[in-house]
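J.: Here is a sequence with its predicted model. Questions after.
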Amino acid sequence: MYSELTSERLPIKLWTDDIEPGALQQAKNLANLSFAVSHIAIMPDCHEGFGMPIGGVLATTKAVIPNAVGVDIGCGMCAVKTNMNELPKEILARIIKDIRRAIPLGFNHHKQMQDVRFMPDIEIIGNGIVEREYDSARRQVGSLGGGNHFIEVQSGGDGHIWIMVHSGSRNIGLKVAEHYNRIAKRINEDNPIKGDRQRDLASLPLGSRHANEYMSEMQYCLDFAFSNRKLMMATIEGIFSDNIGQDYEGLDFINIAHNYAAVEHHFGKEVILHRKGATSARKGEKGIIPGSQGTSSYIITGKGNPESFLSCSHGAGRIMGRNQAKKVLDLENERKKLDRKGIIHSLHSVRDLDEAPGAYKNINRVMELQADLVDIELELSPLAVVKG
């Protein structure tokens, strides 16, 4: 831990030496919630979010907060180690071209509904959002989305080629999040368990019908996001096999989410632990911490530090907003950073600058700040990047 603030109702424990004022105020808002417990944990990739800072961890009793999970429920990472030790650049370029053709990117989705076997099992819950969005989600499973979502081919320090995918629950997660946040705002006006409606921290009382439905539908979105990543990974593996002229073999598979709430035990209490842009890092648990486009990513093992609620960062973290990046970063300079490394990248025009390396924190410093949370098992260097 880097520092601790004690000015609010609960302490704020910080694993960062550089927190922007907006994110700090959001952390203070969390610390002053009446149903927050123990302390607030802020990871080194922290930056301002909507209601709760990205890179924040919050434990509550009595209530769950939809905005403390966010709109991309279940967003996370998966990584696979391949049986390949090298990949000629001309073959890699063909693979990336085929990935772009086979996997819908950005707002695009499949023209046809995908087979139900690629979807998580559904239990019909009244007139739930999952039920209503199910057919639409069948067109989106196996698609990347936009923003900071990516597909990356990497060279591992273990001598193997790795594949990494970062994506979430697409539109079904957004719809679930928005629906239950609206309900939380409405009922918080009269509910004695006060959230903070004005600061986008409206809550659902535990045990209530709405909280139960949210937790159930949120879990479905977590499962969908995992299915989404698995289908993309299977598609990519098929593309590798086609291009290398032999059957592809995956030797390892790691999956971990970083936007969710779950019942966990911490400091002797059963709590609802909200991780928003934070990853579980239980002792011995394997995880993934990606860098920005063009920088290293890491396979890590959690140390199980109780002070962080057994959590770590989910990535490098932004140092500037998307619009700011497009205004202040120089396209040619950012492209040169990637071209010098020989990376097949996705930085083509000014509109792509929101995902340029210069928009993100230094991943090496981020890893240093959480040395008490994780052990680095393997460094992965980017060879090619596909962005949404």
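T.: Structure's in. What do you need? Numbers count the residues shown, from 1 in each chain.

J.: Show me where the chain has its helices.
T.: For the chain, the helices defined by DSSP state H cover 21-31, 89-102, 129-140, 170-188, 209-244, 322-328, 331-339, 363-369.

J.: quick one: the fifth one to helix 170-188, angle?
T.: Helix 209-244 runs at 170 degrees relative to helix 170-188, counting by axes from the mean of the first three to the mean of the last three Cα atoms, to 10 degrees.

J.: Can you check what angle separates the lengthiest strand in the chain from helix 89-102?
T.: Ranked by residue count under DSSP state E, the longest strand found in the chain is strand 374-387. For strand 374-387 against helix 89-102, the angle by the same axes, to 10 degrees is 70 degrees.

J.: for strand 374-387, packing partners?
T.: Strand 374-387 makes packing contacts with helix 89-102, strand 150-156, strand 161-167, strand 286-289, strand 297-302 when contacts are defined by 3 or more Cβ pairs under 8 Å, 6 or more residues apart in numbering; DSSP states H and E. Using the backbone N, CA and C atoms, a C-beta is placed for each residue, glycine as well.

J.: try 6 Å
T.: helix 89-102, strand 150-156, strand 297-302 (3 or more Cβ pairs under 6 Å, 6 or more residues apart in numbering; DSSP states H and E).

J.: Any chance of TSV for those, columns distance to residue 379, mean neighbour count and mean pLDDT?
T.: Formatted as TSV, those follow (distance: least, Cβ to Cβ, whole Å; neighbours: other Cβ atoms under 10 Å; pLDDT from 0 to 100):
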stretch	distance to residue 379	mean neighbour count	mean pLDDT
helix 89-102	19	15	96
strand 150-156	8	22	97
strand 297-302	6	22	98
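
J.: Of all the ones you listed, which one is nearest residue 387?
T.: For the helices and strands packed on strand 374-387, proximity to residue 387 was assessed by Cβ to Cβ; strand 150-156 is nearest, at 5.2 Å.

J.: Please name whichever of the helices of the chain is nearest to residue 65.
T.: Closest among the helices of the chain, using Cβ to Cβ: helix 170-188, at 7.3 Å.

J.: who does residue 274 bridge with?
T.: residue 58, residue 261 (DSSP bridges).

J.: Same question for residue 374.
T.: Counting by DSSP bridges, residue 374 forms beta bridges with residue 302.

J.: circling back to that earlier point, give me the contacts around the longest strand of the chain.
T.: 92, 96, 99, 150-158, 162, 281, 293, 296-302, 312, 343-346, 355 (Cβ atoms under 6 Å, 6 or more residues apart in numbering).

J.: pLDDT value on residue 189, please?
T.: In this model, residue 189 is scored at 78, pLDDT.

J.: What separation do you get for it and residue 50?
T.: 20 Å (Cβ to Cβ, to the nearest Å).

J.: Neighbours of residue 309, how many?
T.: By other Cβ atoms under 10 Å, the residues close to residue 309 number 24.

J.: ok, it to residue 13 distance?
T.: On the measure of Cβ to Cβ, residue 309 and residue 13 end up 10 Å apart.

J.: Tell me the residues that contact both of the two, please.
T.: Joint contacts of residue 309 and residue 13 (Cβ under 6 Å, 6+ apart) are residue 41.

J.: Could you list the low-pLDDT ranges of the stretch 151-300 of the chain?
T.: 190-198 (pLDDT under 70).

J.: Contact partners for the closest residue in space to residue 41 that isn't next to it in sequence?
T.: In space, residue 41 comes closest to residue 57 once its chain neighbours are excluded; the distance is 4.0 Å by Cβ to Cβ, 6 or more residues apart in numbering. By Cβ under 6 Å, 6+ apart, residue 57 lies in contact with 41, 275, 278, 309, 311.

J.: Show me those residues that map onto strands.
T.: Members of the contacts of residue 57 lying in strands (criterion: DSSP E): 41, 275, 278, 311.

J.: what's the most distant pair in those?
T.: 41 and 275 (9.4 Å).

J.: follow-up on the earlier one: farthest pair in the contacts of residue 57?
T.: 41 and 275 (9.4 Å).

J.: re the thing from before, could you single out the nearest of the ones in strands among the contacts of residue 57 to residue 322?
T.: Looking across these and measuring by Cβ to Cβ, the closest to residue 322 is residue 278, at 20.7 Å.

J.: Return the residues in contact with the closest one.
T.: Contacts for residue 278 were tallied using Cβ under 6 Å, 6+ apart; they are 43, 55, 57, 258, 311, 314.

J.: Same list (those) but as CSV, adding distance to residue 367.
T.: Listed next are the contacts of residue 278 as CSV, based on distance: Cβ to Cβ, whole Å:
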residue, distance to residue 367
43, 12
55, 14
57, 18
258, 16
311, 15
314, 13
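
J.: for residue 146, what are its contacts?
T.: Going by Cβ under 6 Å, 6+ apart, residue 146 touches 106, 388.

J.: How many residues are close by residue 270?
T.: Residue 270, neighbours per other Cβ under 10 Å, totals 11.

J.: any idea how far it is from residue 263?
T.: 6 Å.

J.: returning to what we had before: which one's more surrounded, residue 189 and residue 50?
T.: Neighbours per residue (other Cβ under 10 Å) separate residue 189 from residue 50, with residue 50 holding more: 14 against 9.

J.: May I ask you to confirm that residue 202 is in contact with residue 187?
T.: No: here residue 202 lies out of contact with residue 187, judged by Cβ atoms under 6 Å, at a distance of 8.0 Å.

J.: Who has more neighbours out of those two?
T.: Shown here are residue 202 and residue 187; by other Cβ under 10 Å, residue 202 has more neighbours (26 against 19).

J.: Quick check: closest non-adjacent residue to that one.
T.: residue 184 (3.6 Å).

J.: so how many other residues sit close to the one you found?
T.: 26.

J.: Ok, the one 4 residues further on next?
T.: Neighbours of residue 188 under the rule other Cβ under 10 Å: 20.

J.: can I assume it is in contact with residue 204?
T.: No: using Cβ under 6 Å, residue 188 makes no contact with residue 204, being 8.7 Å away.

J.: Please tell me the pLDDT value assigned to the nearest residue to residue 104 once chain neighbours are set aside.
T.: Leaving aside its chain neighbours, residue 104 sits nearest to residue 143 (3.9 Å; criterion: Cβ to Cβ, 6+ apart). Among the per-residue scores, residue 143 holds a pLDDT of 98.
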